[in-house]
Every structure is written in C-alpha cells, then in structure tokens.
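# Sequence and computational prediction follow.
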Amino acid sequence: MSDISPEELGEQLQTDESGLLVVDIRHKEEFDDWHVPGSVNVDIYDELADDPDKAKDALSVLPKEKEIVTVCGAGIAAETAADVLQEMNYNAATLEDGMNGWSRVHRHAPVLADLDGTLVQVARPGKGCLSHVLISDGEAAVFDPSHYLEEYDAILDEYDAELVGVFDTHAHADHVSGAAELADRHDVPYYLHPKDALAIDASPIDDEQTVSAGSLNIEVIHTPGHSEGSVSFDIDGAALITGDTLFHESVGRVELGVEAGIEDSNVEQNAATLYESLQRLQDRPDAALVLPAHDPGSPEPPVTATLGEVRERNEDLGGDREEFIQELASDIPDHPPNFERVKRTNVGQESVPTDELAELELGPNNCAAE
C-alpha cells in the first residue's frame with residue numbers, strides 16, 4: 001500500500017498538471033463540513049466497514065486515467081478503499097493520516113504591503129487559519145501562530161531574523177495557539193490582552209499601546225466583541241491584522257466565549273460591542289490591507305484585501321446598528337468542534353497533552369458569523 005504525505009499532496013494540488021483525483025470516502029455530512037479542496041465525495045464508508053466488495057460499484061465510475069488519492073478521517077478506511085481500487089486496476093494511494101494529516105499542512109508567502117520590511121502570511125489550508133510573521137531590520141514578530149512551531153522557526157531561519165515578540169489577537173476557539181510556547185522557546189514576550197489572558201502568563205497589551213519590531217510600529221487597537229480581549233494590530237498604517245474581528249466577507253461570532261463559560265456578558269452585549277469595534281477599524285486608511293486570522297475554505301497565501309475593498313464586499317459593515325445586533329445574536333451557525341476545551345486551553349484554564357492537540361482541533365474553524 002502506497003501513502004502520500006499531506007505535505008506532498010498539498011504541493012501537488014498547487015500545480016494544474018498534478019493529475020490527481022482526491023476521493024473522500026467519508027459520509028456526505030462530514031465531507032460537506034470539511035474536505036480537501038477539489039476533492040470528490042464517494043460515500044462508501046459503511047460499505048467498506050461491512051464488505052469492501054460492496055463499494056466497487058460506486059468506485060467503478062471513477063476515471064481510470066487519474067491517479068487517485070483516497071481520504072477519510074484518519075486514513076484507515078481510506079486504505080481499504082485504495083486496496084479495493086488497486087484490485088480494480090486503478091492507480092491509487094492513501095492520504096497519510098487522512099484529514100488529521102491534512103490539518104497539519106502549512107504554506108507561506110510574502111504579503112505585498114507598503115512596509116519598510118517583510119510581512120509573511122502563513123496559511124493552514126486544512127483549518128482555514130491564517131497567521132503572520134513581520135520582519136524588519138533583522139527582528140521579527142509572529143501573530144496568531146498555530147502549535148506547529150517548526151513552521152515559524154523555519155521562516156525565522158529563512159529571513160535570518162531574531163524573534164522579539166509573539167502576539168495573539170484573541171483567545172482562539174477553533175485551534176490551539178502556539179504563541180505562549182513559541183515565546184517561551186525564544187525567551188521573548190507573549191502579548192495577549194488581559195481580558196483573554198484569564199489564567200495564562202502573558203505580557204498585557206491595551207488600546208493604543210505601541211510595540212516595535214525593527215523599524216516598524218505595531219499599534220494595538222482593542223476591538224472586543226468576538227471575545228472580550230480581542231485586539232487588532234495596525235502595522236504602520238499599511239496593514240491591519242484583524243484576528244476574528246473582521247473578515248473579508250463576514251465578522252466574528254459573538255457567542256463562543258459566553259457558551260464556553262468564560263465570559264460574563266451575553267450575546268446581545270457582545271454584538272453591540274463588536275459593532276462599535278468595527279466602526280473604529282473603518283476609521284483606518286482605505287489602502288490598509290485587512291489580514292484576518294481565518295479565511296473560509298482552504299486559503300492559498302497571500303489572502304489579502306484592502307479596507308476599501310472589504311467595505312464593498314462585506315455586507316456586515318455600514319448597516320444599521322440594531323439590525324446588526326439582532327442578526328448576530330439570533331443567527332447562530334454550527335460551533336467549531338470542541339470549542340469549549342480549545343477556548344479554555346487558550347485562556348490557560350485547561351492543559352491538553354501534546355499528543356491530543358491534533359485531534360482536539362480537528363474540523364472546520366466556523367469562527368465567522370454567517
């Protein structure tokens with residue numbers, strides 16, 4: 001049985017000539033929630049568990065000329081699917097560790113921002129997560145890193161930069177932050193707003209505070225609503241790192257902290273607070289790049305839009321205040337998987353063993369209001 005690593009699959013999918021067909025054999029509901037981009041769903045999970053020969057009819061419609069990569073949650077059932085396909089004379093392999101492995105993949109690319117330095121965006125396509133590395137005069141700052149720290153150390157090495165600070169825009173609900181550990185590894189400050197640093201050792205940041213990296217200024221804008229400690233970062237007026245406060249076509253959800261039991265507010269109060277935070281961000285220059293912490297689907301870096309473009313695309317901006325509050329407080333989409341534990345972990349109220357982190361954060365991020 002041949003396997004293909006998640007990293008290799010990611011690289012091959014970036015080329016139009018890859019010739020791969022990714023076949024996801026999970027139930028349709030799971031596929032609809034979260035899948036490798038461009039993959040097709042052949043719902044044969046039950047057949048493979050019961051009698052693999054029963055899956056042959058559904059698989060026989062697949063094109064013989066394609067190299068097929070089978071996918072499931074952890075890669076086990078997909079191996080059986082690949083075995084069946086090979087019996088049918090298909091060229092088939094299995095995605096190593098399935099969607100668990102796909103969740104580990106990271107890609108990075110520079111952002112074309114008008115800065116005296118370099119801004120690198122790190123995309124995690126399996127989670128829809130975006131993080132950023134700012135480099136100026138040999139110093140670097142990292143924003144919203146995942147817990148796969150080798151990805152960020154590799155960028156620091158690539159640009160020969162010394163890390164001087166690690167920042168979280170908020171206590172995330174969809175993935176476990178690696179910010180505190182990355183800062184500890186490099187013996188530099190970990191910056192998190194006190195409203196979200198409930199039981200974690202972090203250097204406090206507050207509204208209008210400025211932190212520097214090389215010759216660049218990082219201004220803190222307290223933008224609560226998605227969480228009480230949500231902040232955005234204005235980098236020299238050229239880039240806005242907005243976390244889960246402002247996405248390109250949506251805004252952050254307002255109920256996750258309440259339902260996780262770590263906020264005393266209610267969803268209506270949070271929605272009203274978020275409305276005011278968004279007004280503050282809209283005071284920034286139209287040409288500033290909006291760089292959120294997530295993008296729906298499987299982002300290919302760099303994912304950028306100017307604030308002026310976001311105003312035109314984002315229906316949540318510029319509307320009536322009361323309608324905005326009512327809509328966000330009443331229209332609650334599906335929650336991110338395990339969001340209560342993830343949220344408690346990121347505020348320091350729970351400790352998750354390293355070998356459980358990957359499983360804990362599996363699934364779509366679902367942090368945007370729909």
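Perfect, thanks for sending it.
# Find the residue ranges of this protein scoring beneath the pLDDT cut-off.
Along the chain, segments meeting pLDDT under 70 span 1, 16-18, 333, 364-370.
# hey, where'd the helices end up in it?
Counting by DSSP state H, the chain has helices at residues 6-13, 28-33, 45-50, 56-59, 76-87, 98-102, 150-158, 179-186, 256-259, 267-281, 307-313, 321-330, 339-346, 354-360.
# Tell me which of the ones you listed sits nearest to residue 112.
Proximity to residue 112, assessed across those by C-beta to C-beta, is greatest for helix 307-313 (13.9 Å). All C-beta atoms are positioned from the backbone trio N, CA, C, and that covers glycine.
# what residues does the closest one touch?
240, 246, 248-249, 281-282, 284-290, 305, 317-318 (C-beta atoms under 8 Å, 6 or more residues apart in numbering).
# sorry, back to before: mind putting the helices of the chain into a markdown table with distance to residue 192 and mean neighbour count?
Shown next, in a markdown table, are the helices of the chain (distance: least, C-beta to C-beta, whole Å; neighbours: other C-beta atoms under 10 Å):
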| stretch | distance to residue 192 | mean neighbour count |
| --- | --- | --- |
| helix 6-13 | 30 | 18 |
| helix 28-33 | 30 | 14 |
| helix 45-50 | 40 | 17 |
| helix 56-59 | 49 | 15 |
| helix 76-87 | 38 | 20 |
| helix 98-102 | 28 | 23 |
| helix 150-158 | 17 | 16 |
| helix 179-186 | 7 | 20 |
| helix 256-259 | 14 | 22 |
| helix 267-281 | 17 | 20 |
| helix 307-313 | 25 | 16 |
| helix 321-330 | 24 | 15 |
| helix 339-346 | 9 | 22 |
| helix 354-360 | 19 | 13 |
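# between the ones you listed, which one is nearest to residue 131?
That would be helix 150-158 among the helices of the chain, by C-beta to C-beta, at 7.8 Å.
# residue nearest the centroid of the chain?
Most central in the chain under C-alpha atoms, centre = their mean is residue 129, positioned 1.4 Å from the mean C-alpha point.
# Residue 237 and residue 285 touch, don't they?
Yes - with contact defined as C-beta atoms under 8 Å, residue 237 counts as touching residue 285 (5.7 Å).
# got JSON lines for the helices of the chain, with distance to residue 301 too?
Shown next, in JSON lines, are the helices of the chain (distance: least, C-beta to C-beta, whole Å):
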{"stretch": "helix 6-13", "distance to residue 301": "12"}
{"stretch": "helix 28-33", "distance to residue 301": "23"}
{"stretch": "helix 45-50", "distance to residue 301": "32"}
{"stretch": "helix 56-59", "distance to residue 301": "34"}
{"stretch": "helix 76-87", "distance to residue 301": "27"}
{"stretch": "helix 98-102", "distance to residue 301": "16"}
{"stretch": "helix 150-158", "distance to residue 301": "12"}
{"stretch": "helix 179-186", "distance to residue 301": "19"}
{"stretch": "helix 256-259", "distance to residue 301": "25"}
{"stretch": "helix 267-281", "distance to residue 301": "22"}
{"stretch": "helix 307-313", "distance to residue 301": "17"}
{"stretch": "helix 321-330", "distance to residue 301": "28"}
{"stretch": "helix 339-346", "distance to residue 301": "23"}
{"stretch": "helix 354-360", "distance to residue 301": "22"}
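# The nearest residue to residue 169 once chain neighbours are set aside: neighbour count?
Excluding the flanking residues, the one nearest residue 169 by C-beta to C-beta, 6 or more residues apart in numbering is residue 243, at 2.7 Å. When neighbours are counted by other C-beta atoms under 10 Å, residue 243 registers 28.
# likewise residue 89?
Close neighbours of residue 89, defined as other C-beta under 10 Å, add up to 8.
# Torsion angles phi and psi at it?
Backbone torsions for residue 89, taken as degrees, to the nearest 10, come to phi 70, psi 30.
# Disregarding residues adjacent in the polypeptide, which is nearest to it?
residue 64 (7.4 Å).
# about what we covered before: residue 214: which of the helices of the chain is closest?
helix 150-158 (13.2 Å).
# Enumerate the beta-bridge partners assigned to the residue nearest to the centre of the chain.
Taking DSSP bridges, one obtains residue 124, residue 294 as the residues bridged to residue 129.
# Distance of the residue nearest to residue 89 relative to residue 83?
Distance of residue 64 to residue 83, computed by C-beta to C-beta, to the nearest Å: 17 Å.
# same check, this time on residue 208
When C-beta to C-beta is applied, the distance between residue 208 and residue 83 equals 61 Å.
# do residue 177 as well
Residue 177 sits 39 Å away from residue 83, going by C-beta to C-beta.
# Ok, residue 358 next?
25 Å.
# Likewise for residue 144?
Distance from residue 144 to residue 83, by C-beta to C-beta: 40 Å.
# try residue 24
17 Å.
# again with residue 41
Per C-beta to C-beta, residue 41 is found 19 Å from residue 83.
# cool, residue 160 as well?
Distance, residue 160 to residue 83, by C-beta to C-beta: 47 Å.
# Over to residue 114?
Distance, residue 114 to residue 83, by C-beta to C-beta: 54 Å.
# Next, the contact list for the nearest residue in space to residue 217 that is not next to it in sequence, please.
When the adjacent residues along the chain are set aside, residue 217 lies closest to residue 210, with 5.2 Å between them (C-beta to C-beta, 6+ apart). Contact analysis of residue 210 by C-beta under 8 Å, 6+ apart lists 217-220.
# Buried ones among these?
Buried subset of these (neighbour count, 16 or more other C-beta atoms under 10 Å): 218-220.
# Per the annotation, how does the chain divide into domains?
Per automatic domain parsing, the structural domains of the chain span 3-102, 107-360.
# Much appreciated, bye for now.
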